[in-house]
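Trainee: how would this look folded up:
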Amino acid sequence: MRRERFGMSAGASRLPASERASDGGSRYRLRDLFTPLDTLLASGGDPRLTLDPNDRVNTYGCAASPEPELWNFASATASTISQMAYDRAALAREELMHKCLFDEVEIAFDARCEDMREELRGHLALSSRIDVVFSPSGTDSQLHALFVARAVLGAAPVTIVVGADQTGSGTPHTARGHHFSTMTAGGVAVRKHGAVTGLAGDSIAVPLIDMAAGIAMRTNADAAVLHAVETSLAQGRRVLLQIMDSSKLGWRAPSEACLDEIARRWPRKVQIVVDACQARLGRRRLRAYLDRGYMVLITGSKFFGGPAFSGALLLPKGLSRSIDRIGGIAPGIFDYAGRCDWPMAWTTLRSRFERRPNFGQWLRWEAALAEIGSYYAVPGAFRARALAELAAGIDSMIALSPSLRAVPTAIEKSGADDEEFAQTTIFPFTLLRDGKPVSIAETSAVHRALARDMAEEISGSAADRQVAAQRCLVGQPVRLERQDGAPQAVLRLCVGARLVTEAWSPDAMQAERNVQHVLDRIAHVLVKIELLLDRGAVAAVPAKSAFEV
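Mentor: Model prediction:
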């Protein structure tokens, strides 16, 4: 294994904190702050964040610097960084450099991370009793949640993953305590799919999609969850239940009634963690989860539109007390966290970890916090109205398109806790030609072509070529397996926080025009899809994997 990033020598994470050198490493990390901002923003993550040497975009098709000319409706996957967020990251770096004139890098960095925890709690209207564990991605946070669950439950749990067919591709590995990539965000080479030392265990997948019903949510999801929990507990095992809110297709499961039954039948035997990495849930619902003692996984890079990756694990106070008293630590967790990731109040646990600033993770969270703050600065009434108008408009346009077939929403989200997220914000659809689904390969090619200027490949009028020239991102294709037929793929139009933020104006008429302007752009995207399918232009797009990773 190599540990060159952040100036670490081989095996450094295995040493007690008191034995690790700080002076030379501190100077090295201070030099890292002078790295070009784009390079820093793309650092400190796993290989999915690496920029392609030719087109300078990551696996999600996003550059490290703003691209205002690129229309972004891909927030279920990833978003390009906005100019506002980019400027916030640049300013944050300057401020940290200034503080480092008076303090060691690690001390100044640690203090800033603690301030960011308070800022995030403020934006999400959370109590100061809620602890925040930062990470490079939602996938890393899943490993943190497993680490916490082992401490709380006093044993290695079996992880039951609800919506295993609609979560990140790394989840089947992290649920079992296995490495999900060949390289950690800290720059440690690992064996993908191999066990994370001290965290390995078992997992059970509970899929949600019923392909026999035409891409619909299975009707017996609650029963499947209860059966998995009951069977595992009967075997003498403790359970970490990972529930979904919301999935790649915008679904939530299991139901609240199911969760109530679990709490009644098996108190203190099941630890629940909510996969809310999409961040498409109301703040009231988020607080309700935490009040019930659930852990919550979130990111600043999905709905909120911060740059990929920025993960966090939210913990109610009762759990955090158990963590700081933990005795033995799974050695493998040292490869997935540094001291600054853990809250300052966890003094005992933090003392076991390296001072290892991850500048990329920090700057991406700075950018995400700018987006989150801007979104919640918009009046709640406008947020709700804008999401409702966008949802109605997108539903109507997809229904009218002969080449698109909508995937229905799984449930009606209309509770008071949902707030503006009673509205749909992810709109999945399949592509059709002559009424039949197009192949996965062509769906993937359409996704790639949308992000390219296709004016040269589209024959037709000047208006058609103008439509084809516009570059736009939609959510990456999600592959759906079928038991009795060829697999299908769906694309997704996504409404994110930035669309609402940029549409807001204190002038009601101007705000309404801004919302209509967003809908005009979405119509433009759908027309481009129609042109690409009709003219067969996607054959000219270079082949490259575009599936959600």
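Trainee: make it CA atoms for all contacts and neighbour counts henceforth
Mentor: Noted.
Trainee: could you pull out the helices for the stretch 101-250 of the chain?
Mentor: Using DSSP state H, counting those that start in this stretch, the helices of the stretch 101-250 of the chain run over 105-123, 138-153, 171-174, 221-234.
Trainee: Let me have the ones you listed in a markdown table, extended by distance to residue 197 and mean neighbour count.
Mentor: Shown next, in a markdown table, are the helices of the stretch 101-250 of the chain (distance: least, CA to CA, whole Å; neighbours: other CA atoms under 10 Å):
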| stretch | distance to residue 197 | mean neighbour count |
| --- | --- | --- |
| helix 105-123 | 27 | 18 |
| helix 138-153 | 11 | 24 |
| helix 171-174 | 12 | 24 |
| helix 221-234 | 23 | 17 |
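Trainee: which one of the ones you listed lies closest to residue 210?
Mentor: helix 221-234 (10.1 Å; CA to CA).
Trainee: what does stretch 86-95 contact?
Mentor: Stretch 86-95 is contacted from outside by 33, 37, 65, 66, 363, 364, 366, 367, 370, using CA atoms under 8 Å, 6 or more residues apart in numbering.
Trainee: what does stretch 317-325 give?
Mentor: When contacts are defined by CA under 8 Å, 6+ apart, stretch 317-325 is touched by residues 129, 130, 131, 148, 151, 152, 293, 346, 347, 348, 349.
Trainee: And for stretch 152-166?
Mentor: Contacts of stretch 152-166 (CA under 8 Å, 6+ apart): 149-150, 171-172, 175-176, 199, 201-209, 225, 228-229, 232, 237-244, 247-249, 253-254, 269, 271, 319, 322-323.
Trainee: wait, residue 487 sits on residue 443?
Mentor: No. Taking contacts as CA atoms under 8 Å, residue 487 lies outside contact range of residue 443: 11.8 Å.
Trainee: Compare those two and say which one has the larger neighbour count.
Mentor: A direct count of neighbours by other CA atoms under 10 Å for residue 487 and residue 443 places residue 443 higher, at 26 against 13.
Trainee: before we move on, which element is that one in?
Mentor: Using DSSP states H and E, residue 443 maps to helix 440-450.
Trainee: taking the contacts of stretch 86-95 one by one, which sit in helices?
Mentor: Among these, the residues falling in helices (DSSP state H) are 37, 363, 364, 366, 367, 370.
Trainee: tell me the angle of the longest helix anywhere in the chain relative to helix 440-450?
Mentor: Criterion DSSP H: the longest helix present in the chain is helix 508-535. Orientation check (axes from the mean of the first three to the mean of the last three CA atoms, to 10 degrees): helix 508-535 against helix 440-450 gives 130 degrees.
Trainee: which other helices and strands contact helix 508-535?
Mentor: Counting contacts by 3 or more CA pairs under 8 Å, 6 or more residues apart in numbering; DSSP states H and E, helix 508-535 is packed against helix 380-400, helix 440-450, helix 462-469, helix 497-503.
Trainee: In stretch 494-510, which residues are buried?
Mentor: Under the neighbour-count criterion of 16 or more other CA atoms under 10 Å, stretch 494-510 has 494, 495, 496, 497, 498, 499, 500, 501, 503, 504, 505 buried.
Trainee: what's the closest of the residues you listed to residue 423?
Mentor: residue 495 (10.3 Å).
Trainee: what phi and what psi does the backbone show at that closest one?
Mentor: Main-chain dihedrals, residue 495, degrees, to the nearest 10: phi -100, psi 120.
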